[in-house]
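> A predicted structure for the sequence below; I have some questions about it.
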Amino acid sequence: MTILGLAPELYPTKPAHFDIERVIRPNILALHPYRCARDDYDEGILLDANENALGHSIPPDADIDPEIQGTLGLNLHRYPSPSHDPIKSRIAELRGLPGTEYVFLGVGSDEVIDLLIRVCVAPGTEKILITPPTYGMYSVCAQVNDVGIVKVPLELSGDAGEGGEQGRFSVKVDEVKQAVRADPSIKIIFLCSPGNPTGTLISLKSVRELLELEDYKGIIVVDEAYIDFADESASAASLVKEYANLCVSQTLSKSFGLAAIRLGIALAHPSLIQILTNTKAPYNISTPTASLALVALTSAAVTHMQKNVSTLVSTRGTLLRGLETLAPLGVGKAIGGNDANFVVVPFLEKNGSGKPDNARAQTIYKTLAEKLGVVVRFRGNEPGCLGCVRITVGSEEEISALLKKLEGLLKTV
């Protein structure tokens, strides 16, 4: 069996123990994808796709929000491109990959996650492996697809904020190896780096160890939604050309500030990208989304993104220092690696015991939101996060307001 649409010279050869055709479900390999009208022609008098030739139905004098007025000139009556190669080309250049054949676009990272599970993992019989505490959509997509879940928790011991390959919230590589050796039905390992909610980077050394494990025949997915807030050298995208059993997922939602347009990215060997392309919905990326993404990936816009990231990283430091000044009121040291655009901080028992207090954290979380107008996220039920809330790095003004209101609240709760 062959991968439809993949040139013979693009079949993977590394690592030697990996055979993508043994990972992909047989029905997906045999799939002949839906061929849409724009796959063939996109110019001329277009009478092939049953579109509305008179244009969209929104009248010129309609009461429209000025923010979306400009989208009405985007040929909304025509189906969008099924491939969006200009966007893929800019992403490939940004992430140091050879070309568009290494890039897949999805409706947010969540579509990428769901599609990977659908093409690799057989419902009812096969499994994914996750490393709690981690992003919740891995488990949601697994349950939706009737796929089993094996859990190998991250390292939960160690001092708050301790990093490194053996520090708190690092991957227990040996235990992951044991798990996949014991259960050949595991087809995908999901690693989140920087982690959500941990904010901790997974070392490329740990990723390489798992990619090179001959006993594991599946795919490793490294979810890098927050990677631009960390050191550039930490991205597993640098390994994509070397390992065909790796998929790196990214997004324009975080560092690019485009959460509303829902554009997710998969970076992988062309063989896996071709499988995802064959399986996706014909026109999954809308014209407004594509238009904004293309602008966001210009050189000037990327420079602006990097400037914003630099500002947020600086503000992250301001937030961490401000939280440290509240230690006498029962704010613990931030946990995790603090390599994302958020921090995770425990609230401690008021009696001075130094122990995290879930009940107090819940009260603080709800009071901030319902009475003080500041919304953070309670994470105290996640492994290793007892008593914790997650605080997104906002603007300087927002962080100043949070710290002031939190200080007053801690004196009463």
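That came through fine.

> every contact and neighbour count from this point should use C-alpha atoms.
OK.

> check this protein and tell me which residue is nearest its centre.
residue 225 (3.6 Å; CA atoms, centre = their mean).

> helix or strand: which one has the residue lying closest to that one once chain neighbours are set aside?
If the residues on either side of it in the chain are set aside, residue 225 comes closest to residue 250, at 4.8 Å by CA to CA, 6 or more residues apart in numbering. Residue 250 is part of strand 246-251 when elements are defined by DSSP states H and E.

> residues in contact with that strand: which ones?
With contact meaning CA atoms under 8 Å, 6 or more residues apart in numbering, strand 246-251 is reached by 108-109, 112, 211, 219-227, 236-237, 239-240, 263-269.

> in helices only, show me these.
108, 109, 112, 211 (DSSP state H).

> please, where are all the strands along this protein?
According to DSSP state E, the chain carries its strands in the segments 103-106, 127-130, 148-151, 186-192, 219-223, 246-251, 264-268, 342-346, 377-378, 388-392.

> what's the shortest one packed up against?
Using 3 or more CA pairs under 8 Å, 6 or more residues apart in numbering; DSSP states H and E as the contact test, the elements touching strand 377-378 are helix 358-370, strand 388-392.

> what's the most buried one of these?
Ranked by mean neighbour count, the helices and strands packed on strand 377-378 are led by strand 388-392 with a mean of 23 (mean count of other CA atoms under 10 Å).

> quick check: the nearest residue to residue 330 once chain neighbours are set aside vs residue 355, distance?
Once flanking residues are discounted, residue 330 sits nearest to residue 348: 4.9 Å by CA to CA, 6+ apart. From residue 348 across to residue 355, the span is 5 Å (CA to CA, to the nearest Å).

> how close does the residue nearest to residue 330 sit to residue 378?
In terms of CA to CA, residue 348 sits 14 Å off from residue 378.

> could you dump the strand holding residue 250 to CSV, C-alpha only?
The C-alpha coordinates for strand 246-251 follow below in CSV (Å, rounded to 0.1, in the frame of the first residue of the first chain):
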residue,chain,number,x,y,z
LEU,A,246,7.7,13.4,14.9
CYS,A,247,4.9,16.0,14.6
VAL,A,248,5.2,19.4,16.1
SER,A,249,1.9,21.4,16.5
GLN,A,250,1.9,25.1,16.8
THR,A,251,-0.7,27.9,16.5
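
> what about residue 4, neighbour count?
Taking other CA atoms under 10 Å as the neighbour definition, residue 4 ends up with a count of 15.

> these two touch, right, it and residue 32?
Yes. The criterion here is CA atoms under 8 Å, and residue 4 meets it with residue 32 at 7.4 Å.

> joint contacts of these two?
Common contacts of residue 4 and residue 32 (CA under 8 Å, 6+ apart): residue 278.

> re earlier: neighbour count winner among residue 348 and residue 355?
More crowded of residue 348 and residue 355, by other CA under 10 Å: residue 348, with 25 against 16.

> pretty sure the more buried one is touching residue 364, no?
No. The pair residue 348 and residue 364 does not pass the contact test of CA under 8 Å, sitting 11.3 Å apart.

> what distance do you get for residue 238 to residue 207?
Distance from residue 238 to residue 207, by CA to CA: 11 Å.

> related to what we said a few turns ago, would you turn the ones in helices among the contacts of strand 246-251 into a markdown table with neighbour count and distance to residue 388?
Formatted as a markdown table, those follow (neighbours: other CA atoms under 10 Å; distance: CA to CA, whole Å):
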| residue | neighbour count | distance to residue 388 |
| --- | --- | --- |
| 108 | 21 | 27 |
| 109 | 24 | 25 |
| 112 | 24 | 29 |
| 211 | 22 | 33 |
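
> show me which of these is closest to residue 129.
residue 211 (14.1 Å; CA to CA).

> what residues does the closest one make contact with?
Contacts of residue 211 (CA under 8 Å, 6+ apart): 15, 220, 243, 245, 246.

> chain neighbours aside, what residue packs nearest to the fourth one?
So the one you mean is residue 245. In space, residue 245 is closest to residue 219, 4.7 Å off (CA to CA, 6+ apart).

> I'd say residue 263 and residue 104 touch.
No. The criterion here is CA under 8 Å, and residue 263 misses it with residue 104 at 10.3 Å.

> now the angle between strand 388-392 and the helix ranked longest in the chain, please.
When the chain is parsed with DSSP H, its longest helix is helix 299-325. Using axes from the mean of the first three to the mean of the last three CA atoms, to 10 degrees, the inter-axis angle of helix 299-325 relative to strand 388-392 is 140 degrees.
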